[in-house]
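**Q** build the 3D model from these lines:
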Amino acid sequence: SSSSVTTYKLKDKAEVYVNGVKITDPGDATLDEYILNNETGKVTLIDETEVGSTSTDGYYDCIMITYYADAVVDYTQTTSSYNRIGFKTYDNIDSRIQWDPEDDDRTVTFTKDGKSIEWTELAEYDVLSIAYDVTVNFSKSSFYDVIVAQNTVSGTVTSRDVDSDKNIFNSIKVDGTEYDVAGLLTPADIELSGSYTFYLNAFNYIVYADENASSKNVGVFVGMYNSNSSTYPIIKYIDSEGNVVTKEAKDMTEAEKFYDLVNAEKSYAENGYPTVKVGPDITSANIMNMVFEYSLSSGKIKFKDSVNPVNKADDEGNYSKLEYRADQSRLGSYTLNESVTKILDLDAYLNDDGNVGVMSLSTFVDDAEYSAFLYDRNSSGDYRLCLVLDGTTSITADTTVAVVMSDPQETEIDGTQYTTFTVAKDGQEDVTVNVEETDLDVAEGDVIVYSLKSDGTAVNLTKLVDANVKYEGWYTDSKPMISSPTVDAWTSSSKDVETYFGPVYQKSNNNIEIFTAVGERDYTVETNGVVATEKAAVASNVLTDTEMLNISGANAYIYDYSSSEKYRVTAGAVPNVSKSIYNKDVVLGDDNTVIDWSAVVANDVNPSFAFVKVVDNYVTDVVFFLAN
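**A** Predicted structure coming up:
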């Protein structure tokens, strides 16, 4: 492309060496490949002197060429028998370098900034310029001389110089600075005005580009239809911010790509444009395969590529649930990042055509399982898109309980009617709960459990303990209230969940012992005239079994009957509770085996009551109902 040309005459049958190896019978194709198309190598012409003379004939006898193939490091691996470097992308070579470190017939060298380095110093995204024996297959070369570069430039593409005949770049301007481009990138890889991180080789050529998350447009295709006001079909999709968007396809070629994405059946209207005969059946069984990358031009949408999830469903459409680990910000084995990962909750959209929820990492429940799919891993190992299909509105074994602090009232938020009240939850007081239900049956002191949708509203609210305004509501003259309140999600959980509610026998700083069962009573039955005495567990005034539980570290709440109403619920550490939780006069009977509840009531002994939740043998929540 230079406007200045210098001509050098070659001797007939001039010898050609590439990377020090002689080329047998070189021809025009050899010179095209290693000289005309050699962007970063060097060419040295040698004109030998005549024998017995110091002069030359002006014809060059030998051409010495250095030639480099570019590659970008993906990973490094070493075993007892080989060292290996895998490539993300590469130029007319194999997908990796592999060599036996004990093989003395092969040399492998690495140079960076003019200094020798060890291959173990290589990192992902390093750019390699590799000289090798081009006369044999890349893997058979007896040497690899590698120049390593770690140069990057980030910015917006302000102009592109494209050789349309060859479909290659001549150069790219990044924020106004021009860079030459190696042959690994094509015009289809780089969008004008797109924002990228470019990786450069040691010769300052752009070799690889990683589109910045802020400029990459990724959506979830959910429908297509024709419109009388539009020339081409309308594409309906969910963008990465959770908006349901409609855009006209740029042309019919682009529209066809969306048909192919969903394999929709086509029929042709009179104008020749295909329409969706049966609209795309977007469900939780296939929506994970509807993610695509796109660009917008003059308000119209252009399909760039499909984006596949890293965790795929099996042939029957089944997929494994992923467990969330809060301490590692990992969903299954996939790392999420609050500032990088776009998390879309599609549960409501798929089930009732509601709005798409936008989640944060704090929405996930530690150790809970979710049906989710991950897309587009960046260089730091974080995934840029996460689709959650279910689990966000489920009660799990790890869903903590809450104690209602205020009676519910009706509120309106952004035009939506809610029932609103406050609770003590996760050790905190005055947590606001909004529920899209009316006539909600909750009151101060009730122990409840609920889950949150991605928009923060509560669903699946279940009452576990129905509190009483008066302390005496916990018992009759003949028996105390004893139960094991639970929900279906706990009984079907892979974790062992147990709940108890009953009068407190005794409590220390770290332990609580509560009565959990009524006693056995003799009763008579008559069968065919034969009278027999049998024993059975009955709801009676006799208490027998207790359960000792360690409550250190649990979320603890107090409902204090000695306080005025509306101020009875508090949250705090159990050892710091000022009032005695139990009454020491509540003791076992004279034979140290049973307590007669009617005797307790007759003696005005008022034990406190407690609700306790246990997950895998650890107490997670305890609610004390303090006697007067």
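**Q** hang on, residue 380 in a strand?
**A** No. With DSSP: H, G, I helix; E, B strand; the rest coil as the criterion, residue 380 is located in coil rather than a strand.
**Q** was I right about it contacting residue 339?
**A** No. Between residue 380 and residue 339 there is no contact, the gap being 10.7 Å when judged by Cβ atoms under 8 Å. From N, CA and C alone the C-beta is placed, and that goes for glycine too.
**Q** can you list the weak-confidence ranges in the stretch 151-300 of the chain?
**A** 212-215, 262-285 (pLDDT under 70).
**Q** can you report how many residues neighbour residue 509?
**A** Using other Cβ atoms under 10 Å, residue 509 has 11 neighbouring residues.
**Q** give me the secondary structure label for it.
**A** Quick answer, by three-state DSSP: residue 509 is coil.
**Q** I'd like the next helix or strand past the helix-or-strand element of the chain with minimal mean pLDDT.
**A** None of the helices or strands of the chain scores lower by mean pLDDT, DSSP states H and E than strand 274-276, at a mean of 43. Next helix or strand after strand 274-276 toward the C-terminus (DSSP states H and E): strand 291-297.
**Q** who does that next one pair up with?
**A** Strand pairing for strand 291-297, using DSSP bridges, gives strand 217-225 (antiparallel), strand 300-306 (antiparallel).
**Q** give me the buried positions along that strand.
**A** Neighbour counts over strand 291-297 (16 or more other Cβ atoms under 10 Å) mark 291-295 as buried.
**Q** out of the strands paired with strand 291-297, the one nearest residue 431 is which?
**A** strand 217-225 (32.4 Å; Cβ to Cβ).
**Q** before we move on, the earlier item: which one of the buried residues of strand 291-297 is nearest residue 439?
**A** Nearest to residue 439 among those, counting by Cβ to Cβ, is residue 291 at 41.2 Å.
**Q** between the buried residues of strand 291-297, which is nearest residue 68?
**A** Distances from residue 68 to the buried residues of strand 291-297, taken as Cβ to Cβ, are shortest for residue 293 (31.3 Å).
**Q** doesn't residue 371 make contact with residue 390?
**A** Yes. Residue 390 is in contact with residue 371 according to Cβ under 8 Å; the separation is 4.7 Å.
**Q** the strands in the stretch 51-200 of the chain, which residues?
**A** Assigned by DSSP state E, counting those that start in this stretch, the stretch 51-200 of the chain shows strands spanning 60-65, 69-78, 83-90, 96-99, 107-112, 115-116, 127-132, 143-149, 151-163, 168-174, 177-180, 195-200.
**Q** need the winner for burial among those.
**A** Mean neighbour count (mean count of other Cβ atoms under 10 Å) peaks for strand 127-132 among the strands of the stretch 51-200 of the chain, with a mean of 24.
**Q** and the contacts of it?
**A** Here strand 127-132 makes contact (Cβ atoms under 8 Å, 6 or more residues apart in numbering) with 19, 40, 66-73, 85, 87, 93, 97, 138, 141, 143-151, 199-203, 207-208.
**Q** export the strands paired with strand 291-297 to JSON lines and tack on distance to residue 622 and mean neighbour count?
**A** Converted to JSON lines, the strands paired with strand 291-297 look like this (distance: least, Cβ to Cβ, whole Å; neighbours: other Cβ atoms under 10 Å):
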{"stretch": "strand 217-225", "distance to residue 622": "43", "mean neighbour count": "21"}
{"stretch": "strand 300-306", "distance to residue 622": "51", "mean neighbour count": "18"}
